[in-house]
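A.B. asks: starting from these lines, generate the structure:
(one chain, ligands or ions: 1)
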Amino acid sequence: MSSHDLKRQAAAAALEHVRDGMKLGLGTGSTAKHFVELLGERVRGGLKVIAVPTSEATRADAQANGIALTTLDEVDRLDLTVDGADEINAALDLVKGGGGALLREKIVAAASDRMIVIADESKLVANLGRFPLPIEVIPFGLAATRRAVEEACAECGVFGSISLRKGSGGHAFVTDGGHWILDAHLGRIPDAPGLADSLNAIPGVVENGLFIGLASMAVLAGPDGIRIIE
Ligand code: 5RP
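C.D. replies: Residues are numbered from 1 along each chain as shown. Predicted coordinates for the structure are as follows:
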């Protein structure tokens, strides 16, 4: 079965947790896109939900699928966010931001009563860190911020190269918030909560891609079916 099919199966399984009248957070990435498409089919069948997208790309997808949108300024809390991830461990800590949407994704997840992570089972890892950790930074003072990131990683016992993410034309990739992304190639992150706190204490860092204690369930699709971790 292809990765495309597994992602769609995980998205379909998460859709079973959506109820009429819910306020939803919509994630970003190829797996979340399946969820938006499947949710759109249900909406066209009469399901009533309103949703907050976690990126401009997801906003466009949701609109194209007829899903009513709202903002976190118009609703107090969301019932459920469904999003993908780059890495998931058994404690449901995540690395996110491969698609560059980590800031809005974390704001939306933190405003949600529940977050379901959808992925093909290759995203389940024993230790976080093989996937480069995205760190969203302010362009001003980039070199100083990069040095501070290296120091914070070293203090947490992790070492590796820190690269500026490039987008089209070889220019810095720009997030929906107008920021840049440093990708930290660390290999293994033994203390993810500690590193997350240290990174966010750096003035030029806007947010990091470690999602600690935010996910309540992972729906993982593999060749043998759906596996739930909660
Ligand atoms: C975007 C993300 C995505 O959820 C993550 O990159 C997974 O993407 P995909 O479903 O395409 O594998 O964090 O910022």
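A.B. asks: identify the residues contacting Gly27.
C.D. replies: Phe35, Thr54, Thr58, Thr81, Val82, Asp83, Gly84, Ala101, Glu105, Val108, Ile118 (CB atoms under 8 Å, 6 or more residues apart in numbering). In short, each C-beta sits where N, CA and C put it, glycine included.
A.B. asks: and if we set it to 7 Å?
C.D. replies: Counting by CB atoms under 7 Å, 6 or more residues apart in numbering, Gly27 makes contact with Thr54, Thr58, Thr81, Val82, Asp83, Gly84, Glu105.
A.B. asks: Pro53 versus the third one, what's the distance?
C.D. replies: With the distance defined as CB to CB, to the nearest Å, Thr81 ends up 11 Å from Pro53.
A.B. asks: quick revisit: how about the contacts of Gly27 in TSV, adding neighbour count, pLDDT and secondary structure?
C.D. replies: Compiled in TSV, those are given as follows (neighbours: other CB atoms under 10 Å; pLDDT from 0 to 100; DSSP: H, G, I helix; E, B strand; the rest coil):
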residue	neighbour count	pLDDT	secondary structure
Thr54	28	98	coil
Thr58	30	98	helix
Thr81	28	98	strand
Val82	28	98	strand
Asp83	31	98	strand
Gly84	28	98	coil
Glu105	32	98	helix
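A.B. asks: what's the closest of those to the ligand?
C.D. replies: Gly84 (3.2 Å; CB to the nearest ligand atom).
A.B. asks: what about the strands in the chain?
C.D. replies: 23-26, 50-53, 68-69, 78-83, 87-88, 94-95, 112-120, 133-137, 161-164, 180-185, 205-208, 210-211, 217-222, 225-229 (DSSP state E).
A.B. asks: roughly how far is the fourth one from the heart of the chain?
C.D. replies: Taking the mean C-alpha point of strand 78-83 and that of its whole chain, the gap between them comes to 12 Å (CA atoms, centre = their mean, to the nearest Å).
A.B. asks: now that strand against strand 217-222, angle please.
C.D. replies: Going by axes from the mean of the first three to the mean of the last three CA atoms, to 10 degrees, strand 78-83 is angled at 30 degrees with respect to strand 217-222.
A.B. asks: CA-only coordinates of strand 78-83, as PDB, when you get a sec.
C.D. replies: Taking Å, rounded to 0.1, in the frame of the first residue of the first chain, the C-alpha atoms of strand 78-83 are listed here in PDB:
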ATOM      1  CA  LEU A  78     -11.600  24.400  19.700                       C
ATOM      2  CA  ASP A  79     -13.000  21.000  20.300                       C
ATOM      3  CA  LEU A  80     -10.500  19.100  18.200                       C
ATOM      4  CA  THR A  81      -7.400  19.600  16.000                       C
ATOM      5  CA  VAL A  82      -6.300  17.000  13.500                       C
ATOM      6  CA  ASP A  83      -2.800  17.400  12.200                       C
END
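A.B. asks: so what strands line up beside that strand?
C.D. replies: Strand 78-83 sits in its sheet next to strand 23-26 (parallel), strand 112-120 (parallel), going by DSSP bridges.
A.B. asks: quick one: is it near the ligand?
C.D. replies: Yes. Judged by CB under 6 Å from any ligand atom, strand 78-83 and the ligand are in contact via Asp83.
A.B. asks: same check on stretch 209-226?
C.D. replies: No. Judged by CB under 6 Å from any ligand atom, stretch 209-226 stays clear of the ligand, getting no closer than 7.0 Å.
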